[in-house]
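Colleague: Next input, structure requested:
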Amino acid sequence: MSDPASDAATRLHLIGVGGSGMAPLAILLKQAGHPMTGSDNLCPPARLA
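Modeller: This next block holds a predicted model:
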């Protein structure tokens, strides 16, 4: 059995991804090849892409 923390295919989910701190982090992680999803209660329309 593999360790989920070391598995490169582990999906990341960021909460508050529309914020000024989490959005850049999400971009960097995605560019690094991590599969990911995110959620935010209030996401500015400019960040929806």
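
Colleague: Quick check: buried residues in the helix-or-strand element of the chain with minimal mean pLDDT?
Modeller: Every helix and strand in the chain was compared by mean pLDDT, DSSP states H and E; the lowest is strand 36-39, with a mean of 91. Within strand 36-39, the residues scored as buried using 16 or more other Cβ atoms under 10 Å are residue 38. Quick note: C-beta positions are derived from backbone N, CA and C, even for glycine.

Colleague: So what are the sheet partners of that strand and their directions?
Modeller: Applying DSSP bridges to the sheet, strand 36-39 is found paired with strand 12-15 (parallel).

Colleague: Now tell me what touches the strand it pairs with from outside.
Modeller: Under the criterion Cβ atoms under 8 Å, 6 or more residues apart in numbering, residues 22, 25-26, 29, 34-40 lie in contact with strand 12-15.

Colleague: pLDDT weak spots in the protein?
Modeller: Along the chain, the model assigns pLDDT under 70 to residues 1-9, 43-44, 46-49.

Colleague: For the closest residue to residue 11 other than its chain neighbours, give me phi and psi.
Modeller: In this structure, residue 11 finds its nearest non-sequential neighbour in residue 35, 4.7 Å apart by Cβ to Cβ, 6 or more residues apart in numbering. For residue 35, the backbone dihedrals (degrees, to the nearest 10) come out as phi -70, psi 130.

Colleague: what's the burial count for residue 17?
Modeller: For residue 17, the count of nearby residues is 19 (other Cβ atoms under 10 Å).

Colleague: Pretty sure it sits against residue 40.
Modeller: Yes: the criterion here is Cβ atoms under 8 Å, and residue 17 meets it with residue 40 at 5.2 Å.
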